[in-house]
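In: sharing a model that was predicted from the sequence below.
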Amino acid sequence: MGETSDEPPLLAALDGGVLTLTLNRPERLNAMSRELIGLMIEQLDRALGESTIRAVLITGAGRGFCAGADLAGTGTGAVGADGKPDLGAVMDRLYNPMIRAIRELPKPVIAAVNGVAAGGGANLALACDIVLAARSARFDQAFVRISLIPDLGGTWFLPHMVGDARARALGMLGASVPAEEAERMGMIWQAVEDRELMPQAAGLAHRLAAGPTLSYAAIKRALGAAATNALDRQLDLERDSQRALGRSADFREGVAAFLAKRPAAFTGQ
Amino acid sequence: MTYEKIILAKSDGLATLTLNAPDKLNAVSRKMIAELKECWETLATDSTVRAVLLTGAGRGFCAGADLADPDRDSSATADSGAALDKFFNPVIRSMRAIPKPIVAAVNGVAAGVGMSFAMAADIAIAGKSASFLQAFARIGLMPDGGSTWFLPRLVGDARARGLAMLAPQIPAEQARQWGLIWDVVEDADLMNTATEVARKLADGPTLSLARIKDAMNRASGNTISAQLDVERDFQRELGKSADFKEGVAAFLAKRKPTFKGK
């Protein structure tokens, strides 16, 4: 297990503005232990604080992306006063803060789904802004098979990504969706050949890290708000965000580059 | 009012609104957006108009805001929110609120706010060679003209993020597959097909079409329970219309209905 071996359960590497976080419990298909999630939250905090980090890439070591909570280990958490398991406690303390940290990070987060993404592992991937998956990867809402509901945002992500009809079926049938079908449904951005996954995901992450970071942050905020806003309110939000972006150095650079027909050199300012 | 950057033509209940700056792929200048605002406001209350067809002159639909517009404030202190507040947002609000169907015939590139115009229409039909582009992030902005609201509702959250952040140019056929637009036809057939659709709507039960639009607008913020009440209220109202009476009579007599929009 990650905790008992010398290897930390999460690897973090910063290169050219991209913070790559690798779930690293390959012998357990990167099932999430409490230690792993704790480290994930720590690194997402770091990404929030360090201005040199302009994009985050999340992937898994070995042949899986993430098999969900570590049911055999420490992933499920506490026991309540009634002597029964209290799954809500660990969600409150670890899983939900991790998902919120991804969605609220004012920088793009890319998932490179290299293999099975099951249960919470699937929804960890869906929380990311741009999801690339290897053709052999699968997205598996396994929860119903152990009498739970999709968590880590699954009941929100699914209807907002694939529509209500498919969301109900995926949740209730616990279907396992191959990467290409996930792309066709609009659950993920793109399925790519297995050997192309890491080069393409890294390329995308570096491209975004060299992009107009404030613009990406505003897009994340706006799309987050869009789900519950009326169009009328959303138009006001766009006005306010656009006003702020219109005063940024990257906007000046973007327009100058567009008019001069040259590539823009964005600084994230 | 006479327009310079748009053309408005009316015929038997159908208004055709053409963006008319073909040398700039119909990029939206201050002048054009001011004219559009005025035009949509007029169309909303013009009882002789029962449907609107929106298209672009020349080979583009609309290339988005005109960055080379001499009227654009390009100083470092420019307020890009002001133009949205004064012109662009009122146009989008008018398009969604006008109690008549809008058909967009997307005859070429629909970029930036031009793509927002296509999405704000009720029925978008594109020529095969048309394309769609959320160009905003390429110049350090975010999608506007309602795009951050339309995109997740039309293509879902995952694709919305990809389209907004990565700003790829997507062909009409992919836009159709993703549910971004209603249909794609051969370029040569676009104006005929779109005009036929718009004509059918202009001759249709206008009150019903207006309430369909209104109900769909409300659905995205309503619970199913609240929406059932909306449907009840609208249906009650429509049940009292002349077009409902005509529709039922025509159905029972197995003849074509003649709707008046009343």
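Out: Perfect, thanks for sending it.

In: what pLDDT, on average, does stretch A:210-230 get?
Out: For stretch A:210-230, mean pLDDT is 97.

In: ok, that stretch near chain B or not?
Out: Yes - legend: contact between stretch A:210-230 and chain B by CB under 8 Å from any CB of the partner chain is shown at A:211-212, A:214-216, A:218-220, A:222-223, A:226-230. (Each C-beta comes from the backbone N, C-alpha and C, glycine too.)

In: drop anything exposed from the residues you listed.
Out: A:211-212, A:214-216, A:218-220, A:222-223, A:226-227, A:229 (16 or more other CB atoms under 10 Å in any protein chain shown).

In: just those: which are in helices?
Out: A:L214, A:S215, A:Y216, A:A218, A:I219, A:K220, A:A222, A:L223, A:A226 (DSSP state H).

In: is it correct that the fifth one is in contact with B:D157?
Out: No - judged on CB atoms under 8 Å, A:I219 makes no contact with B:D157 at a distance of 11.6 Å.

In: still on that earlier bit, redo the ones in helices among the buried ones among the residues of stretch A:210-230 next to chain B as a markdown table? Include distance to B:M191.
Out: As requested, those are exported to a markdown table (distance: CB to CB, whole Å):
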| residue | distance to B:M191 |
| --- | --- |
| A:L214 | 41 |
| A:S215 | 36 |
| A:Y216 | 38 |
| A:A218 | 37 |
| A:I219 | 34 |
| A:K220 | 39 |
| A:A222 | 34 |
| A:L223 | 34 |
| A:A226 | 33 |
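
In: from those, which is closest to B:Q134?
Out: Of all those, B:Q134 sits closest to A:I219, with 9.3 Å by CB to CB.

In: pLDDT at residue 164, what is it?
Out: With no chain named, the answer covers chain A. With respect to pLDDT, A:D164 scores 94.

In: the intended chain is chain B.
Out: For B:A164, pLDDT reads 98.

In: doesn't B:W149 make contact with it?
Out: No - using CB under 8 Å, B:A164 makes no contact with B:W149, being 11.6 Å away.

In: how about the contacts made by A:G16?
Out: Counting by CB atoms under 8 Å, 6 or more residues apart in numbering or on different chains, A:G16 touches A:H206, A:A209.

In: that one and chain B, how far apart?
Out: Going from A:G16 to chain B by CB to the nearest CB, to the nearest Å gives 18 Å.

In: up against chain B, what does the stretch 1-150 of chain A have?
Out: Residues of the stretch 1-150 of chain A lying near chain B by CB under 8 Å from any CB: A:P108, A:L126, A:D129, A:I130, A:V131.

In: go again using 6 Å as the cut-off
Out: Listed as neighbours of chain B in the stretch 1-150 of chain A under the rule CB under 6 Å from any CB of the partner chain: A:P108, A:D129, A:I130.

In: now these in TSV, with distance to A:G203 and neighbour count?
Out: Compiled in TSV, the residues of the stretch 1-150 of chain A next to chain B are given as follows (distance: CB to CB, whole Å; neighbours: other CB atoms under 10 Å in any protein chain shown):
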residue	distance to A:G203	neighbour count
A:P108	13	27
A:D129	16	28
A:I130	12	23
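
In: kindly report the domain assignment for chain A.
Out: A:10-209, A:213-259 (automatic domain parsing).

In: can you give me the first-to-last residue distance of the first one?
Out: Counting by CA to CA, to the nearest Å, the length from the leading to the trailing residue of domain A:10-209 is 21 Å.

In: picking that back up, just want to know which of B:A164 and B:W149 has more residues nearby.
Out: Between B:A164 and B:W149, B:W149 has the larger neighbour count (other CB atoms under 10 Å in any protein chain shown), namely 31 against 25.

In: is it fair to say that one lies in a strand?
Out: No - according to DSSP: H, G, I helix; E, B strand; the rest coil, B:W149 belongs to no strand; its state is helix.

In: now it: how far from B:P99?
Out: The gap separating B:W149 from B:P99 is 20 Å, by CB to CB, to the nearest Å.

In: next: A:L105.
Out: Distance, A:L105 to B:P99, by CB to CB: 42 Å.

In: more neighbours, the two?
Out: A:L105 (21 against 14).

In: mind checking how far the more buried one is from chain B?
Out: 13 Å.

In: ok, that residue to B:Q235 distance?
Out: Using CB to CB, A:L105 is found at 46 Å from B:Q235.

In: and for A:A217?
Out: Counting by CB to CB, the gap from A:A217 to B:Q235 is 44 Å.

In: what's in contact with stretch B:107-119?
Out: B:55-56, B:59-65, B:104, B:106, B:124, B:127, B:130-133, B:135-136, B:145-147, B:150, B:190 (CB atoms under 6 Å, 6 or more residues apart in numbering or on different chains).

In: out of the residues you listed, which sit inside strands?
Out: Those of those mapping onto strands are B:T55, B:G56, B:A104, B:V106, B:A124, B:G127, B:S131, B:F132, B:L133, per DSSP state E.

In: give me the neighbour count for the nearest residue to the first one once chain neighbours are set aside.
Out: Read it as B:T55. In this structure, B:T55 finds its nearest non-sequential neighbour in B:A105, 4.1 Å apart by CB to CB, 6 or more residues apart in numbering or on different chains. Other residues lying near B:A105 total 28 when counted by other CB under 10 Å.

In: next one: A:R168
Out: 12.

In: chain center to the helix or strand harbouring it: distance?
Out: Using DSSP states H and E, the element containing A:R168 is helix A:164-173. In terms of CA atoms, centre = their mean, to the nearest Å, the centre of helix A:164-173 is set 21 Å apart from its chain centre.

In: which elements pack onto the following helix or strand past it?
Out: Counting by DSSP H and E, the next helix or strand C-terminal to helix A:164-173 is strand A:176-178. Using 3 or more CB pairs under 6 Å, 6 or more residues apart in numbering or on different chains; DSSP states H and E, the elements in contact with strand A:176-178 are strand A:138-140.
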